[in-house]
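*Asks:* Here is my input; please provide its structure:
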Amino acid sequence: MQDIVCLEPGTDKQPDDKQVVKTPLYVQVLNFLDHQEWQTLLDYTLAQANQFVCSTTFTNQPDYRVSQSLNAVAEVQLLIVDKVKSLLPQVCQQLDIPPFFVTLIEAQITAHNDGNYYKLHSDNGSYDTFNREISYVYYFYREPQAFSGGELRFCVDDSDQLLEQQITPQQNSIILFPSRYLHEVLPVCCPSKMFADSRFTFHGWIRKSVFANPTNW
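*Replies:* Purely as a prediction, here's the structure:
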C-alpha cells in the first residue's frame, strides 16, 4: 500500500515518490506509477489509436463531450485499478466519505485533442450511474508535452459555499474525488492535432453497493 503524505494546498514542496496532496475537494497522488508502468500504459494507448471511438454521455446530448475513448482496457487495467483500491481507506478518510462496499471499479482511457472538452457534469447524475461514489482521473502523455489547457475544473456548492478549483494535468498523477461533484474539462489546445500528442487520462468510477453493509477494504 502506498504511503500517504498530506500537504496543504499551494505547498511549494517538490514532489516525492508516493506523495499525496489533499484539498477540500480532492486528493491528488503524485508519481502514481513507476516509470516502467507508465511507459507500458503509454505504449499500449498509442498502439490502440485506431480502436478509440467518439466519447458519449448517458444523455447523448450533442456537443457536450468532445473526445475519444477506449473502453477495452483489460490489458492495462490492473496497472491502475489495484493501486486505486489500495488508496480507498485513506481517500475516504480524507474526503469524509463513510466506508462502503465496493461492487465495481470502472475504467476507460480518454484522449482529448485539439478543441476537445467536457462541459460541467457530475459522474453519478443518472439512473445508470447513481451508485458511483468516487471518481478517479490519472494523467499521462507523451513528452515533451505537446498540448495546453485541459484543466479539470470543479464547481461545487457545499454548505451554502461555492467552491471552485482548477487542476492542471500533471504527468503521472491521479485525482480522486466524490462522483457527485460538478466538474468539467476545459478546452485543450494541441497544435499538431496528432493523436499521440493528446491529453490522455485513464479514469473511471468506484461503485458502491446499495444493499451490503460496509466491510473492510
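
*Asks:* what about Gln139, distance to Asp157?
*Replies:* Not quite, residue 139 is Tyr, not Gln. Applying CB to CB, to the nearest Å, the value for Tyr139 to Asp157 is 26 Å. Yep, even glycine has a C-beta here, placed from its N, CA and C like the rest.

*Asks:* my guess is Thr103 contacts Glu133, does it?
*Replies:* No. Thr103 lies out of contact with Glu133 (CB atoms under 8 Å); the separation is 9.8 Å.

*Asks:* So between the two, which is more surrounded?
*Replies:* Glu133 (21 against 14; other CB atoms under 10 Å).

*Asks:* quick one: pLDDT of that one?
*Replies:* In this model, Glu133 is scored at 97, pLDDT.

*Asks:* For it, which non-adjacent residue is closest in space?
*Replies:* Lys208 (4.4 Å; CB to CB, 6 or more residues apart in numbering).

*Asks:* What are the buried residues along stretch 151-163?
*Replies:* Buried residues in stretch 151-163, counting neighbours by 16 or more other CB atoms under 10 Å, are found at 151-152, 154, 156.

*Asks:* which ones among the residues you listed are found in strands?
*Replies:* Among the buried residues of stretch 151-163, the members found in strands (DSSP state E) are 152, 154, 156.

*Asks:* check contacts around the last one.
*Replies:* Spelled out, it's Val156. 25, 162-164, 181-182 (CB atoms under 8 Å, 6 or more residues apart in numbering).

*Asks:* how close does Ala196 get to Ala146?
*Replies:* For Ala196 relative to Ala146 (CB to CB), the value is 8 Å.

*Asks:* ok, back up a step: identify the contacts common to Thr103 and Glu133.
*Replies:* 207-208.

*Asks:* so what's the residue nearest to the spatial centre of the chain up against?
*Replies:* Residue closest to the average C-alpha location in the chain (CA atoms, centre = their mean): Val137, at 0.9 Å. Applying CB under 8 Å, 6+ apart, we find Val137 in contact with 152, 174-175, 201, 203.
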